[in-house]
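S.K.: Sequence first, then the predicted structure:
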Amino acid sequence: MALPPTPKIPTWLLGIKLLTNPLDCLDTIYKQYGDIITIMNTQFAIKKKILVTFLVLAIR
């Protein structure tokens, strides 16, 4: 099973956008990629994939 799509911008730029204008950034990502996305977290040089959903009903 493949992971959901991930935004095609560098993770550092995504981090800045999320910190400076989180609602607009998440709205743009939702419109481009859909209900469920994958974000790569590179904080502290540890790469972790984070699954993000915009649908409350998708969470089990």
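M.R.: Nice, I can see it.
S.K.: drop to CA atoms for contacts and neighbour counts, all remaining ones
M.R.: Will do.
S.K.: and the residue nearest the centre of the chain, what is it in contact with?
M.R.: Computing the C-alpha centroid of the chain and ranking residues by C-alpha atoms, centre = their mean puts Ile39 first, at 3.9 Å. Counting by C-alpha atoms under 8 Å, 6 or more residues apart in numbering, Ile39 touches Thr6, Pro7, Lys49, Ile50, Leu51, Val52.
S.K.: Pro5: neighbouring residues, count only.
M.R.: Counted with other C-alpha atoms under 10 Å, the neighbours of Pro5 add up to 13.
S.K.: how about the strands in this protein?
M.R.: With DSSP state E applied, the chain shows strands at 36-41, 48-53, listed in chain order.
S.K.: most tightly surrounded among these?
M.R.: Looking across the strands of the chain with neighbours counted as mean count of other C-alpha atoms under 10 Å, the highest average goes to strand 36-41: a mean of 17.
S.K.: Would you give the sheet partners of that one, along with the direction of each?
M.R.: Strands that pair with strand 36-41, judged by DSSP bridges, come out as strand 48-53 (antiparallel).
S.K.: Which helix in this structure has the most residues?
M.R.: Counting residues, the longest helix in the chain under DSSP state H turns out to be helix 22-33.
S.K.: ok so, going back, out of the contacts of Ile39, who's nearest Ile16?
M.R.: Of all the contacts of Ile39, Ile16 sits closest to Pro7, with 13.7 Å by C-alpha to C-alpha.
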